[in-house]
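Engineer: below is the structure, and that's it, no one-letter string:
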């Protein structure tokens, strides 16, 4: 399974992550074929993929070039920060472009006068999903693009106090954001990545101008995405918006862990350049490394019990689980002379063995315990919080060959079943559905 480490010390935006994934080796021809489907529905943009130098480092650049009517000033530093007084940290670091592959004859400069109106698309989630559903792309890529927009919709809904289905996007409903998110999903799927590790995403401070007006950094949508999806944000002393809502939403959609392995052997490195110019170069670094299924070691404790009551055995199991056993279970067996009995098996970490053996001796009638060291292969898993219509719950998400399986956590399901007087099966179905709803959206 391929694993990806995203180093986001300069923040993240949609175009930066697309460029990094292209630099890693995502198929440009596949991407262009999908994006041509958007061009058939939406006019006013061109795609340029080239190489630029940021801070002396050669990077890939993915640029959605908008015409004057559709331009939203997303990369215009004067528009974004012109309201600030002189002296704030917005000294520009310049990117030098070379090898203008696939260019379309557009001027590199994007100077904008702000005294005339521009056309801005305010689309709802349903309209964006219809665009995505009409594209020729793999189902994995399609679901990831929808998942990203659903995360954005949830964040905007909270910010504006509206239901998700009534949210109308501003900047992220514009054609360049749609292209960025679809492109990121296509490239991610094309690379066959199964896990994504994001230890932190650096963000700046201050204020930034957007279509809602002048907002504090991090902007509300980014903070809501981080809160709702446990995205690790590190606030730095730098002035400016380093994390865009589009970038935050995609990071939340693909992140499976915040923990880096002790040893990382890279098999590929992709560098994606940003357009905004700050003192620190805007670069996303994506490091690809091959990973096997996780393996670890557990110990199995076993003993035969033929003269304890069912109540004693049940209590012993409760004590073992409370003390930190990984699992405990009974198997009916026949002992010598045909005596029916129970085989107690306990799986545990090595450091738990003394405590668990003490419980077994105290709470059962056994006079001997067998120990066995066992190696095992386990799937990567992460526990996520979800909000159901019955209340909050937890779901375990296991990844296998790039696919996710969702397993509701028993204790949280039981709590909701008792609280709402619903059946456990109904609660399980609801938790699983909410765990999956950001992957498959049905509007």
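Structural biologist: Cool, the structure landed. Nothing here was measured: the structure is a model prediction, and the numbers come from that model.
Engineer: next one: the residue found closest to residue 256 once you drop the neighbours it is linked to in the chain from residue 400, what distance?
Structural biologist: Take residue 256 and drop its neighbours on the chain: the residue closest to it by C-beta to C-beta, 6 or more residues apart in numbering is residue 195, 4.7 Å away. The C-beta positions use only the backbone N, C-alpha and C, and glycine is treated the same way. Distance, residue 195 to residue 400, using C-beta to C-beta, to the nearest Å: 11 Å.
Engineer: what does residue 390 give?
Structural biologist: 28 Å.
Engineer: neighbour count for those two, which is higher?
Structural biologist: residue 390 (18 against 13; other C-beta atoms under 10 Å).
Engineer: would you mind listing the residues in contact with that one?
Structural biologist: Each residue near residue 390 by C-beta atoms under 8 Å, 6 or more residues apart in numbering is listed here: 416, 419-420, 422, 427, 430.
Engineer: try 10 Å
Structural biologist: Contact partners of residue 390, counting by C-beta atoms under 10 Å, 6 or more residues apart in numbering, are 413, 415-417, 419-420, 422, 426-427, 430-431, 434.
Engineer: next: residue 32.
Structural biologist: Residues in contact with residue 32 (C-beta under 10 Å, 6+ apart) are 39, 47, 49, 102, 183, 186.
Engineer: this protein: helices as residue ranges?
Structural biologist: Ranges of helices in the chain, per DSSP state H, are 14-24, 28-41, 77-81, 125-133, 139-160, 175-191, 220-229, 245-254, 310-322, 353-363, 410-420, 424-436.
Engineer: mean pLDDT lowest for which of the ones you listed?
Structural biologist: Note on the helices of the chain: helix 77-81 shows the lowest mean pLDDT, a mean of 63.
Engineer: just to revisit the earlier point, just the buried residues from the contacts of residue 390, in PyMOL please.
Structural biologist: Provided next is the PyMOL selection string for whichever of the contacts of residue 390 are buried by 16 or more other C-beta atoms under 10 Å:
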select buried, resi 413+415+416+417+427+430+431+434
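Engineer: so which of the contacts of residue 390 comes closest to residue 162?
Structural biologist: Closest approach to residue 162 among the contacts of residue 390 (C-beta to C-beta): residue 434, at 19.4 Å.
Engineer: could you find the closest non-adjacent residue to that closest one?
Structural biologist: Leaving aside its sequence neighbours, residue 434 sits nearest to residue 386 (C-beta to C-beta, 6+ apart; 4.2 Å).
Engineer: tell me who's in contact with the one you found.
Structural biologist: Contacts here follow C-beta under 10 Å, 6+ apart; on that basis residue 386 touches 392-395, 397, 406, 408-409, 412, 430-438.
Engineer: repeat that with 8 Å
Structural biologist: 392-395, 431, 434-435.
Engineer: equivalent analysis for residue 284, please.
Structural biologist: Shown in contact with residue 284 (C-beta under 8 Å, 6+ apart): 6-8, 10, 12, 16-17, 19-20, 271-272, 274.
Engineer: let's have those in TSV, adding distance to residue 207.
Structural biologist: As requested, those are exported to TSV (distance: C-beta to C-beta, whole Å):
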residue	distance to residue 207
6	26
7	27
8	22
10	19
12	20
16	21
17	24
19	27
20	28
271	29
272	26
274	19
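Engineer: so what touches stretch 133-140?
Structural biologist: 33-34, 37-38, 41, 142, 145, 182, 185-186, 189, 402.
Engineer: quick one, which of the residues you listed are buried?
Structural biologist: For the contacts of stretch 133-140, a burial check counting by 16+ other C-beta under 10 Å picks out 34, 37-38, 142, 145, 182, 185-186, 189.
Engineer: let's have the residues you listed in TSV, adding distance to residue 252.
Structural biologist: Output for the buried ones among the contacts of stretch 133-140, formatted as TSV (distance: C-beta to C-beta, whole Å):
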residue	distance to residue 252
34	22
37	25
38	23
142	18
145	14
182	17
185	13
186	18
189	17
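Engineer: farthest-separated two in those?
Structural biologist: Largest separation among those by C-beta to C-beta: 38 and 189, giving 16.5 Å.
Engineer: ok, back up a step: buried subset of the contacts of residue 386, written for ChimeraX?
Structural biologist: Buried subset of the contacts of residue 386, written as a ChimeraX selection, criterion 16+ other C-beta under 10 Å:
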select :393,394,395,431,434,435
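Engineer: picking that back up, between the contacts of residue 390, which is closest to residue 202?
Structural biologist: Comparing those against residue 202 with C-beta to C-beta places residue 434 closest, at 30.4 Å.
Engineer: relative to residue 174, how far out is that closest one?
Structural biologist: Applying C-beta to C-beta, the value for residue 434 to residue 174 is 29 Å.
Engineer: and if you look at residue 261?
Structural biologist: Residue 261 is 38 Å from residue 174, by C-beta to C-beta.
Engineer: what does residue 353 give?
Structural biologist: In terms of C-beta to C-beta, residue 353 sits 59 Å off from residue 174.
Engineer: and residue 325, what is it in contact with?
Structural biologist: Going by C-beta under 8 Å, 6+ apart, residue 325 touches 346-348, 352, 356.
Engineer: equivalent analysis for residue 273, please.
Structural biologist: Taking C-beta under 8 Å, 6+ apart, one finds 16, 19, 52, 54, 59-61, 95, 281-283 in contact with residue 273.
Engineer: could you dump these into a markdown table and include distance to residue 373 and neighbour count?
Structural biologist: As requested, the contacts of residue 273 are exported to a markdown table (distance: C-beta to C-beta, whole Å; neighbours: other C-beta atoms under 10 Å):
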| residue | distance to residue 373 | neighbour count |
| --- | --- | --- |
| 16 | 46 | 32 |
| 19 | 47 | 31 |
| 52 | 54 | 22 |
| 54 | 51 | 22 |
| 59 | 48 | 25 |
| 60 | 48 | 22 |
| 61 | 53 | 25 |
| 95 | 56 | 18 |
| 281 | 50 | 19 |
| 282 | 50 | 24 |
| 283 | 46 | 21 |
